[in-house]
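Engineer: Structure for this input, please:
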Amino acid sequence: MDDPNRWRQMARAPKDGSRILVTIRSSEQGPAEVDLAYWSNGDQFGAEGWRASDSSPGRIVEYAEPELKCWMPMPSANLDRTSMPPPWEGDDTKHLDGSGI
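Structural biologist: Numbers count the residues shown, from 1 in each chain. You can find the predicted model right below:
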């Protein structure tokens, strides 16, 4: 069975509304980081796309496809793990399908 605690290609991320971990690419705003996100089919508050899980009506955080490098399923509860996994820092062209700018 696939290791659930490994980063995967964004092209294969679930678009069913389930929460997943995503690596946000580093940019001029800061280094790469991990966030909890989900796919939204769009509603009266925003368009279809990836949203941060802490979005709320009137305060939606949306991610453009090129901003997201890879994803990972939510890890199971593990009392030994006290923080998010580190962002993916590998070479996109060798390991991921992402279409970064």
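Engineer: Wait, residue 65 touches residue 39, no?
Structural biologist: No - with contact defined as C-beta atoms under 8 Å, residue 65 and residue 39 do not form a contacting pair (11.1 Å). Placement of C-beta: from N, CA and C, glycine included.
Engineer: what's the neighbour count on residue 9?
Structural biologist: Around residue 9 there are 14 other residues, counting by other C-beta atoms under 10 Å.
Engineer: Is it bridged to anything, and to what?
Structural biologist: Under the criterion DSSP bridges, residue 9 forms beta bridges with residue 70.
Engineer: now it: how far from residue 72?
Structural biologist: Look at residue 9 and residue 72: by C-beta to C-beta, to the nearest Å, they are 11 Å apart.
Engineer: Same question for residue 48.
Structural biologist: 22 Å.
Engineer: And residue 15, by the same measure?
Structural biologist: 16 Å.
Engineer: higher neighbour count, the two?
Structural biologist: Between residue 15 and residue 72, residue 72 has the larger neighbour count (other C-beta under 10 Å), namely 20 against 12.
Engineer: That's all I had, so thanks and see you.
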